[in-house]
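Visitor: sequence unknown, structure follows:
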DNA sequence: TCTTGCTCTTGACAAAAATCAAGAAATTAC
DNA sequence: GTAATTTCTTGATTTTTGTCAAGAGCAAGA
């Protein structure tokens, strides 16, 4: 079983083998070089990608700063879901932080899955509910935790990321400045 | 066309009439009295409700405070989606802030819709993507805005709510204390 | 009507986090 | 290997937000 097949199974649950093959066949292994853009704010999002290896950052530049919304690591998907599904202009820019390999499906093929695999919409729905829940938890963290608590929580669950990406991006993703992040970090080490 | 039919149409898009009837028939009009609980943290969520009239607050009590995650007004749905779908213990408590009327579907019936209306999973997926997008925007607001900016943004889009519910709940939902909320408010009036 | 609770506001103060500025450390590019 | 960039840290200071405590305003109920 390929890595993609395993992902699909673990994200979308049990799928029979024909369906799995149908799904997998629509994803193509693509590469993206460090610094290149998978998507830019304002454009239509034309694809959905699972990260096979590498790192991608989803962010947006506002008048006065750059805001990192999420960093996708191995096993995560990356896309502007709303733009992909509703064909609206993308809110996010997605850029590769390092050379990365992605399993990518085009919008056209994405729209076809439903007819090839009847169960797809249901599986995908469950997958999106899981993502929805993660976002709910993230909102909760902003309603109930201090910057320091958010730092700890994230650190415990994503240690590896801390020596793979510029820390300022993690700081932004957690809703604090690089300075505050650095000071919290210092406390930890002492 | 009943109000519920209109909701379904506006949330889930165009549905043919048979499907619409099938869906609508599974929702029952229920009432809930001010102060009563639709769901309590730790319990299984056994239903999904659309608010026909009234107000419901989704919150959780932590060691040191009570956190309001969302207030559902007319037209919104209310449930612990994750608990409903995955049958995990509910994270949220949902309580009626005033006597409310709800269109409610039980978990059993909810699970049946897919077989009665094949297109259901796809429609529901689109609906959840819209909710997902709203949560993304909310996270963005915490990454990029001050308490005052969040206040303005929310106020502009939800003026009515400000004289219908205790302001402390809105404060919590926006991630600030009642005191900060009150001070921002004062500034606005002057 | 008069309590009794809530809820909201206000002030004084404390804590948390942001900003600004400078310099160190690490990476990348030549 | 060295210079040039970028990233990270640190200190000083300001701003924002939270905490605590008291009181005002309202509303529901006896």
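Guide: Great, that's in hand. None of these values were measured; they are calculated from a predicted model.
Visitor: Do a quick rundown of the helices in chain A.
Guide: For chain A, helices defined by DSSP state H occupy the ranges A:3-12, A:17-26, A:81-86, A:107-116, A:120-144, A:147-157, A:167-173, A:178-189.
Visitor: how near is residue A:94 to residue B:101?
Guide: 43 Å (CB to CB, to the nearest Å). Bear in mind the C-beta positions are built from the backbone N, C-alpha and C, glycine included.
Visitor: higher neighbour count, these two?
Guide: Between residue A:94 and residue B:101, residue A:94 has the larger neighbour count (other CB atoms under 10 Å in any protein chain shown), namely 24 against 17.
Visitor: Next to DNA strand D, which bits of chain A? Give me the list.
Guide: Proximity of chain A to DNA strand D (CB under 7 Å from any atom of the strand) is limited to residues A:166-168, A:178-179, A:181-183, A:185-186.
Visitor: Which ChimeraX command selects the buried ones in the residues you listed?
Guide: Here is the ChimeraX command that selects the buried residues among those (16 or more other CB atoms under 10 Å in any protein chain shown):
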select /A:181
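Visitor: Residue B:158: which of the residues of chain A next to DNA strand D is nearest?
Guide: residue A:181 (32.3 Å; CB to CB).
Visitor: Next one: the residue lying closest to the closest one once chain neighbours are set aside, what pLDDT does it get?
Guide: The shortest distance from residue A:181 to any non-neighbouring residue, by CB to CB, 6 or more residues apart in numbering or on different chains, is to residue A:171 (3.6 Å). pLDDT for residue A:171: 97.
Visitor: I'd guessed residue A:171 sits against residue A:185; true?
Guide: No. With contact defined as CB atoms under 8 Å, residue A:171 and residue A:185 do not form a contacting pair (9.6 Å).
Visitor: wait, doesn't residue A:51 sit right on residue A:79?
Guide: No. Residue A:51 is not in contact with residue A:79 according to CB under 8 Å; the separation is 11.0 Å.
Visitor: Look at these two and report which has more neighbours.
Guide: The residue with more neighbours, out of residue A:51 and residue A:79, is residue A:79; 25 against 21, by other CB under 10 Å.
Visitor: can you pull the contacts of that one?
Guide: A:39, A:45, A:47-49, A:94 (CB atoms under 8 Å, 6 or more residues apart in numbering or on different chains).
Visitor: interface residues of chain A facing DNA strand C?
Guide: So chain A meets DNA strand C at A:146-148, A:175-177, A:179-180 (CB under 7 Å from any atom of the strand).
Visitor: what about the nearest residue to residue A:112 once chain neighbours are set aside, how many residues close to it?
Guide: Nearest residue to residue A:112, sequence neighbours excluded (CB to CB, 6+ apart): residue A:26, at 7.0 Å. Residue A:26 has 17 neighbours, counted by other CB under 10 Å.
Visitor: Give me the pLDDT value at residue A:26.
Guide: Residue A:26 is given a pLDDT of 94.
Visitor: same thing with residue A:179?
Guide: Note for residue A:179: predicted pLDDT of 97.
Visitor: Residue A:59 is in contact with residue A:67, correct?
Guide: Yes. Using CB under 8 Å, residue A:67 is in contact with residue A:59, at 6.0 Å.
Visitor: what touches both of these two?
Guide: residue A:172.
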